[in-house]
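K.L.:
whatever this is, show me its structure:
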Amino acid sequence: QSQFVESGGGSVQSGGSLRLSCEGYGFSLDYMSVGWFRQAPGKEREGIACLSNRGDSPEYADSVKGRFTISRDNAKKSVYLQMNNLNPEDTGVYYCASHPTVRFTCALMGALYDHYGQGTQVTVSS
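P.N.:
Alright, predicted model coming up:
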């Protein structure tokens, strides 16, 4: 089955950092924009960061802008999310996904994306 496998989640205190990773299996990241999404308890899944198929033009949700950084390594079929200055509102299950596109931009719209994995849990305590 073609999907990402996410890793790197855990429990941290407010102000801490985590680096999430995901690796794709069964498909190439060429001509794909990639994104990270999260689902907090009792809330819908939201897009928080994406990166174009060229690896530039990142987009971030306002809630994470300035704290999170998305990156990718096509050769490793991997996508990363560096998360700094975490706060309890960042708690949730984090997923990565890809969107086939010829555009050199990306969009934080989960319905466009595919290959979601099982996610990795991030818990931030105050």
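
K.L.:
strands along this structure, start to end?
P.N.:
3-7, 10-13, 18-25, 32-39, 46-51, 59-60, 68-73, 78-83, 92-100, 120-125 (DSSP state E).

K.L.:
output these as a markdown table; include the columns mean neighbour count and distance to residue 114.
P.N.:
(C-beta placed from N, C-alpha, C; glycine too.) Converted to a markdown table, the strands of the chain look like this (neighbours: other Cβ atoms under 10 Å; distance: least, Cβ to Cβ, whole Å):
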| stretch | mean neighbour count | distance to residue 114 |
| --- | --- | --- |
| strand 3-7 | 20 | 9 |
| strand 10-13 | 13 | 26 |
| strand 18-25 | 19 | 11 |
| strand 32-39 | 24 | 9 |
| strand 46-51 | 23 | 13 |
| strand 59-60 | 18 | 18 |
| strand 68-73 | 19 | 16 |
| strand 78-83 | 22 | 13 |
| strand 92-100 | 24 | 6 |
| strand 120-125 | 17 | 18 |
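
K.L.:
now the spatially most central residue of the chain, which residues is it bridged with?
P.N.:
Nearest residue to the geometric centre of the chain (Cα atoms, centre = their mean): residue 36, 1.9 Å. On the basis of DSSP bridges, residue 36 is bridged to residue 49, residue 96.
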